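Q: What follows is a predicted protein model with its sequence.
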Amino acid sequence: MTLQYTPLKDHDISIKVLFTGYLCTVGIGYLFALIQILFTHGMADGKFGLSVDDIVYSYYGNRSGTVLEQKLNGSMKNNAPDQERFDIMQWSRDGADADDYKSAGIDKIIEARCVMCHNEKASGIPDFTKFEQLKALTKQDQGATFESLTRVSHIHLFGISFIFMFVGIIFSFAQTPSVLFKCIAIGMPYTFLITDILSWWLTKIHPLFAWLVIFAGMGMGISFIFMWVTSILEMWFYKPVFIDGLAMHYQKFRDYLASEQAKDHFDKTIALIKKGASQIKPAIVFIKEQWLMRGWPLLKQMYNNYDKRSD
């Protein structure tokens, strides 16, 4: 079949450098995004590493305590000594009274440990120079608010879709995957991106959907890695990998699947499966009859003999 595009391996060096620079940059960005998730959502339960509980606490909330307490035991755990964190949590449990805020020295702890980040110049996080914003965090942990989910959702939908658009454009020049595989790989990130955003909202409603967040994230990661690796290998290592290396077996298998011989083998396999399936029902009927005629009476007799010996 005549190609309607220039394969990655045949592009000018300048184009390859452009594509490689972009792929390496977004690849590093993707890696740092995963690290950032480990240090934010991954610390929601107070333990390093992403788990289902982390997802539940981040979106549905840990409703056994306050937001402030969960943060101090989670992602903010390393930002203050144990005693100071305990003092803040104790103040929160006692009702977060404004008078106790100063008399117990909580204001000095907040100023020394928290205000460096939580101030009026920071965007997207509470301003602890304002007591009412700190007070709001002493209520039951309800997870992410609908306002924050709306903000983060539209940012992710716009930003990540652009990343995958350009990665998909570069990958579309790949020669080794079939058209079907390329369509699946290019479409997968968008499907999983929408699923990922939707799963945040569903987890906010019910913690059961936390598994869907992890599944969607894994789907995006797999499709990104597949397109990234394939594009880099085809641009710079086509001959050693796809002609002389292990990947040549994939191309031979792909060509075999498109051949008449494969189609003939497939038809024969389907015919054998149908023939085997047609024998399943008579076999089940035969087994059932033998069980009712011999198996069950024998088992019943053995049980009765054992019961008589016990008496």
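A: Sure, I can see it.

Q: going forward, measure contacts and count neighbours with C-alpha atoms only.
A: OK.

Q: Quick one: mean pLDDT over stretch 119-127.
A: The average pLDDT within stretch 119-127 is 77.

Q: mind saving the C-alpha coords of it as CSV?
A: Output in CSV follows, covering the C-alpha atoms of stretch 119-127 (Å, rounded to 0.1, in the frame of the first residue of the first chain):
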residue,chain,number,x,y,z
ASN,A,119,-0.6,34.0,52.1
GLU,A,120,-2.5,36.5,50.0
LYS,A,121,-0.1,36.2,47.1
ALA,A,122,-0.7,32.5,46.7
SER,A,123,-3.4,31.3,44.3
GLY,A,124,-5.6,28.3,44.7
ILE,A,125,-4.8,27.7,48.4
PRO,A,126,-6.2,29.3,51.6
ASP,A,127,-4.7,32.5,52.9
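
Q: got the buried residues for that stretch?
A: Across stretch 119-127, burial judged by 16 or more other Cα atoms under 10 Å covers Asn119, Pro126, Asp127.

Q: and what of stretch 107-114?
A: Asp107, Ile109, Ile110, Cys114.

Q: wait, doesn't the third one sit right on Phe128?
A: Read it as Ile110. Yes: with contact defined as Cα atoms under 8 Å, Ile110 counts as touching Phe128 (7.5 Å).

Q: Same list, the buried residues of stretch 107-114, but as TSV with secondary structure and distance to Lys77 please.
A: Below are those laid out as TSV (DSSP: H, G, I helix; E, B strand; the rest coil; distance: Cα to Cα, whole Å):
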residue	secondary structure	distance to Lys77
Asp107	helix	18
Ile109	helix	14
Ile110	helix	14
Cys114	coil	12
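
Q: and the two most separated of the residues you listed?
A: Asp107 and Cys114 (10.0 Å; Cα to Cα).

Q: Could you chop this structure up by domain?
A: Following automatic domain parsing, one finds the domains of the chain at 8-40+144-255, 66-136, 270-311.

Q: Which among those is found nearest to Phe48?
A: domain 8-40+144-255 (7.0 Å).

Q: Off-centre distance for the closest one?
A: 12 Å (Cα atoms, centre = their mean, to the nearest Å).

Q: which residues touch Phe226?
A: Ala185 (Cα atoms under 8 Å, 6 or more residues apart in numbering).

Q: all helices of the stretch 101-250 of the chain, in order?
A: Along the stretch 101-250 of the chain, the segments classed as helices by DSSP state H, counting those that start in this stretch run 106-113, 131-136, 146-171, 179-205, 210-236, 238, 247-257.
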